[in-house]
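# Quick check, what structure comes out for this input:
(one chain, ligands or ions: 1)
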Amino acid sequence: MEAAPPEEAVRYLSELLQIQTTYPPGNELQAAEYLAAILRAEGFEPLVLESTPGRGQVVARLKGDGSQPPLLLFSHTDVVPAEPEKWTHPPFSGAIQDGYIWGRGALDMKSIVIMHLMVMLSLKRTGTPLARDIIFAATADEERAGFEGMGWLVDHHPDLIRAEYALSEFGGFPLNLGGRQVFLCQTGEKGYITLRMRARGRPGHGAIPHDNNAIACLAQCLALLEQAGLPGHVTPTARAFIETVATVLPGVAGSLQNLLEGSPPSLTELRRLLGSNDLAELLNAMLRNTASPTYLHSDSGAVNVVPSLAEAILDGRILPGFDRASLLAELHAVLGSLAEGVEYEPIYEGIPLEFSLDTLLMRTIRTTLRRYLPTAALAPYLLPGSTDAKHVARLGTICYGFAPIQLNPNEHFLRLVHGHDERIAITSLLWGTQLLTEIVTDFCRAG
Ligand SMILES: [Zn+2]
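Below you'll find the predicted structure:
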C-alpha cells in the first residue's frame, strides 16, 4: 500500500498539540477547524458542529459501496491540564525533539486523532474500493464525560456517526510480559457510580467525648473497605485476558487457571502471584467492583465542637453485569453492622460496557498484528476507567479501543497518560498509523 509521507503525520500532530484544548474553556472548535481544513483540502466534506460556543466537533465520511454497514473512527481533541514547570518541553509546544513529539495529548489522544486522520487521507488517496463507509469523528469534552462532545453528537446527530463497529482509544499499547509484547485491546469498560457517603452522629462539646462521633464512624467504614476490598467476579473479558496472560507467562499459568475456577484473589495475593505490581493492579481492577475514597470532609466550624455530619466521596466502578444496587449490596456486606451508620447519595452514573470478543473486526486486528509482529500476543481487556464509548454504544455500535503504539521498555502507557512529559516516539506514531491503516483497509475493503 502507498503510505503517506511520514513527515506529514508528525507535522499534523505537532500542530494539533499546539492548539490549547484544556477545559475551561475547551476551545476544541479550533482543533475541529484545523482538522476540517486538512480534510477539505483532500476533497472530503467535513462538518464542524458546536455543542456550545467554542466546543467543536468535526465529522467526515469516506464513502463505501454501502454493501456493509459503516466503521466509525472516533477520538477526542480535548486534553487534561498540565503543570508546565514539571515538563521538559512546554506542554503546548508540540516540540519535536530526540525522536519524540512532546505535548499534553501526545498519547491521550491527539496522536490517535492524527492516526485516524491519516487513515482517511491514505484510503482516499489510494482510491481503495470500500464495502463500508468510514466515518471520522473528533469530538470535544471527553475528559469531562463527553456530554458536550460525543454525548451531544449521539443525541443530536446520530445519523452522522451511526456505525456497526467503532475503533477508538485505550487499547493498542503493549505490556511486556515474560519477554513478549502483549498488546491490549479494549473490549469493554467498567461503569462508574460516584457516591456521596454520609455518616451522622451526635454533635457536642469536644471536651466530653461520646461514642457516636460522625468522623470516627466514617473513618472506620473507610478503613474497613480499604482492608477488606469488595469480592471478585470473573467476567468473560477478564477470563480472556487471564487466558492470554497465561500463555505468555507459563510459570504462573497453573495459578492463573486456579484463579478462574475459584474466587478471585485479593490485590495482595495477585501481586505475589504475578510478581508485577502494574499487572496485579490492572487485573485486580478488572476482577472486582471498586469504591475508592477520593474526598473527605467534615467541619463543625470550631475545634472544640464535634460535628454531626461527615462526608466522603466514593469513586465507585462497576463490572459489566452490575449496577448501583449490586454495588451498594457489596458495600453493605463488607461494612456489616457499621453499614447502619452510613447513607449514600448517587452523584454520577455511567453504565459498564462489554462487547463480543469474537467478531470480524477483532479477528482482523489479531491477524494484522500477527503479520506485523509474529511473536506478539493480543489480549482483550476491560478498561477500569471510562471513555466516549459509553455514548457511542447507545447507538448499538460495537466499540473496541485499539490504536497501536510501541513503547520503550522504560515507558508505561498508563503512567504517561495524564502524566508529566506526555510524548510519543515518531517511529511509534508512524508504525501505529501504518498498522491501523492496514486493519481498517482489510476490514472495509470491498470484495
Ligand atoms: Zn482519552
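
# Helix, strand, or coil at Ser122?
Put simply, Ser122 is helix when judged by DSSP: H, G, I helix; E, B strand; the rest coil.

# Relative to the ion, how far out is it?
23 Å (Cβ to the ion, to the nearest Å). The way it works is simple: take the backbone N, C-alpha and C, and place the C-beta from them, glycine included.

# Likewise for His116?
13 Å.

# And stretch 40-58, how far out from the chain middle?
From the chain centre to the centre of stretch 40-58 is a distance of 24 Å (Cα atoms, centre = their mean, to the nearest Å).

# list the contacts for the closest residue to Ala389 other than its chain neighbours?
Excluding the flanking residues, the one nearest Ala389 by Cβ to Cβ, 6 or more residues apart in numbering is Cys399, at 4.0 Å. By Cβ atoms under 8 Å, 6 or more residues apart in numbering, Cys399 lies in contact with Tyr165, Ala166, Leu167, Ser168, Leu353, Phe355, Ala389, Val392, Ala393.

# contact partners of stretch 351-366?
By Cβ under 8 Å, 6+ apart, stretch 351-366 touches 71, 165, 167, 185, 187-191, 235-237, 240, 318-322, 378, 380, 382, 389-390, 393, 398-400, 402, 439, 442-443.

# again with stretch 139-158
If you take Cβ under 8 Å, 6+ apart as the criterion, stretch 139-158 is touched by 21, 23, 26, 28-29, 32, 49, 51-52, 55-57, 59, 74-80, 109, 137, 160-161, 348, 350, 386-388, 390-392, 394-395.

# Residue of the stretch 201-350 of the chain nearest the ion, please.
Gly350 (14.6 Å; Cβ to the ion).

# Repeat that for the stretch 151-300 of the chain.
Relative to the ion, the nearest point of the stretch 151-300 of the chain is Glu169 (4.9 Å; Cβ to the ion).

# if I pick that residue, what's in contact with it?
Ser75, His76, Asp108, Met109, Ile112, Gln186, Thr387, Gly401, Ala403.

# and what of Ala285?
Ala285 makes contacts with Lys190, Arg317, Pro384, as judged by Cβ under 8 Å, 6+ apart.

# hmm, 10 Å instead?
For Ala285, the contact set (Cβ atoms under 10 Å, 6 or more residues apart in numbering) comprises Lys190, Ala238, Leu267, Arg317, Leu319, Leu382, Leu383, Pro384, Gly385.

# Ok, Ala329 next?
Ala329 makes contact with Phe322, according to Cβ under 10 Å, 6+ apart.

# Centre of the chain to the helix or strand containing it, how far?
Element membership of Ala329, judged by DSSP states H and E, is helix 324-335. Helix 324-335 has its C-alpha centroid displaced from the chain centroid by 25 Å (Cα atoms, centre = their mean).

# do the same with stretch 255-270
On Cα atoms, centre = their mean, the centre of stretch 255-270 falls 25 Å from the chain's centre.

# now do stretch 113-130
Relative to its chain's centre, stretch 113-130 lies at 24 Å (Cα atoms, centre = their mean).

# now swap in stretch 261-281 and tell me
22 Å.

# Run through the strands of the stretch 151-300 of the chain in chain order.
165-168, 174-177, 180-189, 191-200, 204-205, 290-297 (DSSP state E, counting those that start in this stretch).

# Deepest in the core, which of those strands is it.
strand 165-168 (a mean of 26; mean count of other Cβ atoms under 10 Å).

# one step back: just the buried members of the contacts of Ala285?
Burial by neighbour count, judged by 16 or more other Cβ atoms under 10 Å, picks out Lys190, Ala238, Leu267, Arg317, Leu319, Leu382, Leu383, Pro384 from those.

# dump the residue contacts of the nearest residue to Leu383 once chain neighbours are set aside.
Nearest residue to Leu383, sequence neighbours excluded (Cβ to Cβ, 6+ apart): Glu189, at 4.1 Å. Glu189 makes contact with 170, 237, 317, 320, 350-355, 381-387, 389-390, 393, 399, 401, according to Cβ under 10 Å, 6+ apart.

# Of those residues, select the buried ones using a PyMOL command.
Entered in PyMOL, the line below selects the buried ones among the contacts of Glu189, by 16+ other Cβ under 10 Å:
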select buried, resi 170+237+317+320+350+351+352+353+354+355+381+382+383+384+386+387+389+390+393+399+401
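
# what's the weakest-modelled helix or strand in the protein?
Of all helical and strand segments in the chain, the minimum by mean pLDDT, DSSP states H and E falls on helix 413-416, at a mean of 82.

# Now do the buried residues in that helix.
Across helix 413-416, burial judged by 16+ other Cβ under 10 Å covers Phe413, Leu414, Leu416.

# what's that helix in contact with?
By Cβ under 10 Å, 6+ apart, helix 413-416 touches 106-108, 170-175, 184, 278, 281-282, 384-385, 405, 407, 422-424.

# could you point out which element follows that helix?
strand 423-425.

# that older thread, is it possible to get a markdown table of the contacts of Ala285 that adds distance to Leu130 and pLDDT?
Formatted as a markdown table, these follow (distance: Cβ to Cβ, whole Å; pLDDT from 0 to 100):
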| residue | distance to Leu130 | pLDDT |
| --- | --- | --- |
| Lys190 | 34 | 98 |
| Ala238 | 35 | 95 |
| Leu267 | 46 | 91 |
| Arg317 | 38 | 98 |
| Leu319 | 37 | 98 |
| Leu382 | 31 | 98 |
| Leu383 | 29 | 97 |
| Pro384 | 35 | 97 |
| Gly385 | 32 | 95 |
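
# quick revisit: distance-wise, check the residue nearest to Ala389 relative to the ion.
Distance, Cys399 to the ion, by Cβ to the ion: 13 Å.

# Tell me what that residue is bridged to.
Counting by DSSP bridges, Cys399 is bridged to Ala166.

# What pLDDT does the model give it?
On the pLDDT scale, Cys399 is placed at 98.

# now do Asn277
For Asn277, the predicted pLDDT is 85.

# what sits against it?
Taking Cβ under 10 Å, 6+ apart, one finds Leu267, Leu270, Arg271 in contact with Asn277.

# now Ile426
Applying Cβ under 10 Å, 6+ apart, the residues near Ile426 are Pro6, Glu7, Ala9, Val10, Leu13, Ile96, Asp98, Gly99, Tyr100, Ile101.

# Among the residues you listed, which one lies nearest to Val334?
For the contacts of Ile426, the closest approach to Val334 (Cβ to Cβ) belongs to Tyr100, at 44.6 Å.

# what bridges to that closest one?
Tyr100 forms beta bridges with Gln97, Ala425, as assigned by DSSP bridges.

# Relative to the ion, how far out is it?
Taken as Cβ to the ion, the span from Tyr100 to the ion is 19 Å.

# Surely that residue and Arg423 touch.
Yes: Tyr100 lies in contact with Arg423 (Cβ atoms under 10 Å); the separation is 4.3 Å.

# Give me the common contacts of these two.
Shared contacts of Tyr100 and Arg423, counting by Cβ under 10 Å, 6+ apart, come down to Thr88, His89, Ala106.

# give the contact list for the second one.
Applying Cβ under 10 Å, 6+ apart to His89 gives the contacts Ala95, Ile96, Gln97, Asp98, Tyr100, Ile101, Trp102, Gly103, Asp421, Arg423.
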